Each structure stands twice: as structure tokens, then as C-alpha cells.
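>>> sequence first, then the predicted structure:
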Amino acid sequence: MRIRLIMVAKSERGFVAEGLRHYVERIRRMEPIEELVLADAGKGDPAWQQRTESERILGALKPGERVVVLDERGKLLTSAAFAQRIGAWRDQGVRDLAFVIGGAYGMTDEVRQRADLVLSLSPMVFPHQLVRVLFAEQLYRAFSILKGTGYHHG
């Protein structure tokens, strides 16, 4: 399974970039993963930023690719249920899986409608930069569960 992590804007330096790099490297030992960073829309009206970044996201998605969008209005899954969803797609022969983390103002309905799964990490809202680290850890945890490495103790 080929994984793409699509994110709007570069990771800030410091702990966010370091944490993201840490988990992406751990995932890379189990599955091929590519990071695609899309330019943010810059400063301006939040609705315009959201539309512009959403258009960039939609343009980056490949035909036939399964898409998981992170959104505060998404479905809440346990780590084990998230791993089971990825495992089910793998078992169905899904080869390409994209995970999308939008910008500070989120994404449009069009992006959510393109998704095979709209996922929420928590009922709480987190800064989009911090979500990268939290999600990368959960993605690593999911593949660890599927591979039976013992990382997950749940």
C-alpha cells in the first residue's frame, strides 16, 4: 500500500517538524509514505483561504486513490478501529491511500465529499500544525497494530 500524507503549508520548525519527521520515518520502515506539502493561500479572507487551499487539495488527489480527510466534524474511531479500516482497504486491494490535513481554516464541503472517510482525532480542536504530529503517531500506531509489533498496548 502506498501512502500519501497531503498537508497544507510547511511544518513549522521545532517540535512539530521533529515529531512529524520521527513518525514518518517509523512509518516508512513499514510502508512507503510520501509527504506532499501544498502551498497555503497566504493572508486574506478566511473563506477565500479555505476555498483556495481546498482547490489545491482536490487538484493533488489522484483518481482511484482512497482519501481520508481529517476534519473536526469527522467520525471518531479508536486506534484499533482505524487500523481495522486501513487493513480492510488493504485486504480489498486498495493500493493508494491519501491522508489530507488542511490549513488553519479547514476545507470545503467538496473536499469532504471526495473523501472515503472523514476522520476526527478528537471532539476538541487542535492547531493544524499540531494535528500533523498527532495524526502521524496514530498512522504509525495503525500500521503497528496491523503488523503486530507490540507498540499498541490496547
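That came through fine. Numbers count the residues shown, from 1 in each chain.
>>> so the most centrally placed residue in the chain bridges to which residues?
The structure's the chain has its C-alpha centroid closest to residue 99; by Cα atoms, centre = their mean the separation is 3.4 Å. When bridges are taken as DSSP bridges, the partners of residue 99 come out as residue 5, residue 68.
>>> pull out the buried positions in stretch 116-130.
For stretch 116-130, the neighbour count (16 or more other Cβ atoms under 10 Å) marks 117-119, 121, 128-129 as buried. From N, CA and C alone the C-beta is placed, and that goes for glycine too.
>>> out of the residues you listed, list just those in strands.
Counting by DSSP state E, those place 117-119 in strands.
>>> quick one: which of the residues you listed is nearest residue 50?
Ranked by distance to residue 50 (Cβ to Cβ), these are led by residue 118 at 15.5 Å.
>>> now the phi/psi pair for the residue nearest to that closest one when sequence neighbours are not counted, please.
Spatial nearest neighbour of residue 118, chain neighbours left out: residue 74 (3.8 Å); criterion: Cβ to Cβ, 6 or more residues apart in numbering. Here is the backbone geometry of residue 74 (degrees, to the nearest 10): phi -80, psi -180.
>>> of the ones in strands among the buried residues of stretch 116-130, which is the nearest to residue 78?
Nearest to residue 78 among those, with distances taken as Cβ to Cβ, is residue 119, at 11.7 Å.
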